[in-house]
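Asker: One predicted model, sequence on top.
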Amino acid sequence: KLQEFLNFKQLKTSLKEAILLDYYTAGFWWAKGMNFSLIQLSGFMDLLNFLLENLSDQHMTLGENLKELGRAMAGIGETDSERRGDLNFFSIEEAKAIIDYLTFSLFKHYKLYEYLFHGSGEELVISNE
């Protein structure tokens with residue numbers, strides 16, 4: 001279903017599509033394992049997409065993207081409604097778990113994702129072997 005939602009048409013021959021589908025699928029199942037509500041699951045998937053778009057479209061460095069994550073997570077757990085961000089439906093513990101997940105899934109491998117989006121042209125896979 002994610003393949004259809006992401007409109008990936010060349011999954012069997014595009015390494016980029018395969019890697020991105022794997023990343024989103026892993027994130028989805030991690031969030032399901034955390035027992036996130038539907039709104040939390042949606043917010044988490046939006047966050048994954050936001051950070052990848054920062055890297056792919058905005059060419060953000062690791063440091064810049066970490067700052068954006070900090071801005072997105074700002075206000076979680078705050079009682080003052082003016083300081084709460086868009087992700088205020090997460091608890092502090094959930095926010096910490098999200099940061100840990102992103103650290104080990106995206107930020108730890110940031111150079112690889114940079115290469116995926118901005119490296120030399122994609123190699124064409126000719127067969128399944």
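Answerer: Here it is on my side, so go on.
Asker: Give me the phi and psi for Ile19.
Answerer: Backbone torsions for Ile19, taken as degrees, to the nearest 10, come to phi -70, psi -40.
Asker: need the contact list for the most centrally placed residue in the chain.
Answerer: Geometric centre of the chain, nearest residue: Leu48, 2.0 Å, by Cα atoms, centre = their mean. For Leu48, the contact set (Cβ atoms under 8 Å, 6 or more residues apart in numbering) comprises 23-24, 27, 106. Backbone N, C-alpha and C define where each C-beta goes, glycine included.
Asker: Name the member of those with the shortest distance to Leu15.
Answerer: Distance to Leu15 across the contacts of Leu48 (Cβ to Cβ) is lowest for Tyr23, with 12.4 Å.
Asker: That closest one: which element?
Answerer: Assessed by DSSP states H and E, Tyr23 sits inside helix 15-33.
Asker: Flag every buried residue along that helix.
Answerer: Counting neighbours by 16 or more other Cβ atoms under 10 Å, one finds that the buried residues in helix 15-33 are 17-18, 20-21, 23-24, 27-28, 30-31.
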